[in-house]
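J.: from the sequence below, what's the structure:
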Amino acid sequence: MTIKKIAILSLALLLPLTIEAQKKKKRVVKKPPVEVVEEPEEDPRITNMREMTQQIVIIDSIVLEKDSILAAFRLSAETGRIMTTSQFFGESLSGYAFVNEMGNKVYFSKPNDGHLWLYTSDKLGNSWSEASPLQGLGEGIGEASYPFMLTDGITFYFAGKGEESIGGYDIFLTRYDSRSGSFLKPENIGMPFNSEANDYMYAADEQSGIGYFVSDRRQPEDKVCVYIFILPETRRSYDLTKYSEQQIRDLADIIRIADTWGDNSERHAAIACLKAIGTTGRPSVTNDASSANTTIVINDRLTYTSVRDFQSPKAANLYRELLKARERLANLETELQKTRDRFASSNEDGRRLLREIILQNEEQAQLLDKSIGSLEKQIRNEENNNIK
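T.: Residues are numbered from 1 along each chain as shown. Sure, this is the predicted structure:
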């Protein structure tokens, strides 16, 4: 065999091996590294709050502009009054105020070093004491506003921002310790009242069994939602074994208020009660001589319902003035309700105009209410001095 033939035979034998090696090389594909995206862990406080979501019946929800939230609150006279700090002091100040039923104690917020903080003042005669900041609220709270005190004079609600809140403003509960003259460490009242948005202005009308709070969750920048709910007798959380995780999430964040209604019986009874309350929470005035419109308590033993009951002529004349003042207030409150109803269905231009009317009428109602309180005090003093 010649050298040429041997070379050709060698190439013929090597060629398949070379092609197979190239094929194997082409099959090797380098895959890019898989990028692992870690989801951020939820704040454990939010997880715990959601699992402890309080079971309540939300009667209704009303979307309003931020500066019109008080139009939705209907509190009975025994509960006290909520107003802006500006309305209470008659000057331009940020914040909100709560005045107790007797009208002799006020809790209010006002700016302090660029942040709102809570203060209190007592009525001494015809003047108010120097405002003093509330003690005991500072731990974990950097800003506080929207005060509300229950009729027991001990249980206090407010909205605060800081380390203890899970969003902006959260609603907190505390109690006044008369021995120390300070409030106990505030507790976050949890969900569904609080969220990762701003939640505030909790108010509880124990006379009607109806409560209110405000939230800007899922609302445009200039809007808020006022939730109206039935005050529960005891605190109950949802049974986690009866609801899916998504259902609990929806209930905690109030995705649908209808999910809280149950068989609707409690809600219908609460709606009827709400309708029976007057425009600013006072019972509707009737013409019955024994109604609240004509009744005045003279002392622990005597309650009058007619001008004929009086022994003092001066007290009787003051009583006539009182009846007229009460009638004016009732008419003003009726007009206020009509204006608020128009406000709810008006466009933006209409609401701007109606808002000013509402604020003016509310201010007049507050002044008239104070005048009525002063008249009642004068009548009691005069009559008690003349009782034989």
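
J.: wait, doesn't His355 sit right on Lys66?
T.: Actually, residue 355 is Arg rather than His. No: Arg355 is not in contact with Lys66 according to Cβ atoms under 8 Å; the separation is 11.4 Å. To be clear about C-beta, it is placed using only N, CA and C from the backbone, and glycine gets the same treatment.

J.: over to Glu221: give its phi and psi.
T.: Main-chain dihedrals, Glu221, degrees, to the nearest 10: phi -60, psi -40.

J.: around it, count how many other residues there are.
T.: Counted with other Cβ atoms under 10 Å, the neighbours of Glu221 add up to 6.

J.: more crowded one of Arg355 and Lys66?
T.: More crowded of Arg355 and Lys66, by other Cβ under 10 Å: Arg355, with 17 against 13.

J.: which residue lies nearest the spatial centre of the protein?
T.: Per Cα atoms, centre = their mean, the C-alpha nearest to the average position across the chain is that of Phe213, at 2.3 Å.

J.: list the contacts for that residue?
T.: Phe213 is in contact with Ile171, Phe193, Asp199, Tyr200, Met201, Tyr202, Ala203, Val226, Tyr227, Phe229, counting by Cβ atoms under 8 Å, 6 or more residues apart in numbering.

J.: derive a ChimeraX selection command for the buried subset of those residues.
T.: Entered in ChimeraX, the line below selects the buried ones among those, by 16 or more other Cβ atoms under 10 Å:
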select :171,193,199,200,201,202,203,226,227,229
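
J.: out of the contacts of Phe213, list just those in helices.
T.: Among the contacts of Phe213, none falls in helices (DSSP state H).

J.: wait, which of the contacts of Phe213 is closest to Trp261?
T.: Closest approach to Trp261 among the contacts of Phe213 (Cβ to Cβ): Phe229, at 11.0 Å.

J.: from Arg175, how far out is that closest one?
T.: Per Cβ to Cβ, to the nearest Å, Phe229 is found 22 Å from Arg175.

J.: for the nearest residue to Leu332 once chain neighbours are set aside, give its distance to Ile228.
T.: Spatial nearest neighbour of Leu332, chain neighbours left out: Ala365 (5.3 Å); criterion: Cβ to Cβ, 6 or more residues apart in numbering. Taking Cβ to Cβ as the measure, Ala365 falls 21 Å from Ile228.

J.: do you have the helices of the stretch 151-300 of the chain handy? List them.
T.: Counting by DSSP state H, counting those that start in this stretch, the stretch 151-300 of the chain has helices at residues 245-252, 265-275.

J.: is it possible to get TSV of these that adds mean neighbour count, distance to Ser92 and mean pLDDT?
T.: Listed next are these as TSV, based on neighbours: other Cβ atoms under 10 Å; distance: least, Cβ to Cβ, whole Å; pLDDT from 0 to 100:
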stretch	mean neighbour count	distance to Ser92	mean pLDDT
helix 245-252	16	38	95
helix 265-275	14	33	77
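
J.: is Ala203 in a bridge, and if so with what?
T.: Beta-bridge pairing of Ala203 under DSSP bridges involves Tyr212.

J.: same question, Ser182
T.: Where Ser182 sits in a bridge, its partners, by DSSP bridges, are Asp177.

J.: number of nearby residues for it?
T.: Using other Cβ under 10 Å, Ser182 has 13 neighbouring residues.

J.: quick check: it touching Gly138?
T.: No: here Ser182 does not reach Gly138: they are 10.3 Å apart, not a contact under Cβ under 8 Å.

J.: now Tyr107, nearest residue through space, not along the chain?
T.: Pro147 (3.9 Å).

J.: count the residues that sit near that neighbour.
T.: Using other Cβ under 10 Å, Pro147 has 25 other residues around it.

J.: just checking, it touches Tyr157?
T.: Yes: the criterion here is Cβ under 8 Å, and Pro147 meets it with Tyr157 at 7.5 Å.
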